[in-house]
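Student: Requesting a structural model of the entry that follows:
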Amino acid sequence: MRKTRRNYHKEATRELFELDLDNPIEGGPQFVTFRDPNKLETGTAFSLARTADPEDQLRILLSDEDFAAFWAEWRTEPVDETNALLEDVLKHYGVDRGKLPR
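Tutor: Reported below is the predicted structural model:
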């Protein structure tokens with residue numbers, strides 16, 4: 001049996017996970033959008049799966065601009081809230097943190 005990459009192409013079916021910022025940086029975004037871990041490039045998804053560092057995971061799931069805006073607000077928040085947010089993002093996209101895409 002011969003297949004091509006098109007056999008495995010799937011359209012995104014989930015609504016984007018967007019987080020409103022309470023105190024956005026001046027001139028920055030009012031909200032940030034988390035990337036769908038299932039739709040990352042393969043190499044990036046593998047990097048996500050290999051890292052246990054939540055900051056690295058957030059850097060992968062957010063654009064550079066969104067990460068800067070997010071980090072400006074969230075870097076001083078309690079870690080349990082940040083971890084809960086990350087869990088919520090992954091759950092929204094149907095990814096078990098212990099079973100990130102490989």
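Student: Strands of the chain, start to end?
Tutor: 17-20, 31-34 (DSSP state E).
Student: quick one: pLDDT of Leu100?
Tutor: Model confidence at Leu100, given as pLDDT, is 57.
Student: tell me the most buried of the strands of the chain?
Tutor: strand 31-34 (a mean of 18; mean count of other CB atoms under 10 Å). For glycine as for every other residue, the C-beta is placed from the backbone atoms N, C-alpha and C.
Student: what's that strand packed up against?
Tutor: strand 17-20, helix 64-74 (3 or more CB pairs under 8 Å, 6 or more residues apart in numbering; DSSP states H and E).
Student: Next, format the strands of the chain as TSV and append distance to Ala69 and mean pLDDT.
Tutor: Shown next, in TSV, are those (distance: least, CB to CB, whole Å; pLDDT from 0 to 100):
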stretch	distance to Ala69	mean pLDDT
strand 17-20	10	97
strand 31-34	6	98
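Student: Distance to Val95 added to those, as a markdown table?
Tutor: Converted to a markdown table, those look like this (distance: least, CB to CB, whole Å):
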| stretch | distance to Val95 |
| --- | --- |
| strand 17-20 | 11 |
| strand 31-34 | 11 |
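Student: circling back: show me the one of the helices and strands packed on strand 31-34 that comes nearest Asp96.
Tutor: Shortest distance between Asp96 and the helices and strands packed on strand 31-34, using CB to CB, is found for strand 17-20: 15.6 Å.
Student: ok, the closest one: who's next to it in the sheet?
Tutor: Here strand 17-20 has these sheet partners by DSSP bridges: strand 31-34 (antiparallel).
Student: Helices of this structure, residue ranges please.
Tutor: Taking DSSP state H as the criterion, the chain carries its helices at 42-50, 54-61, 64-74, 79-92.
Student: Could you dump these into CSV with mean pLDDT added?
Tutor: Output for these, formatted as CSV (pLDDT from 0 to 100):
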stretch, mean pLDDT
helix 42-50, 93
helix 54-61, 96
helix 64-74, 97
helix 79-92, 94
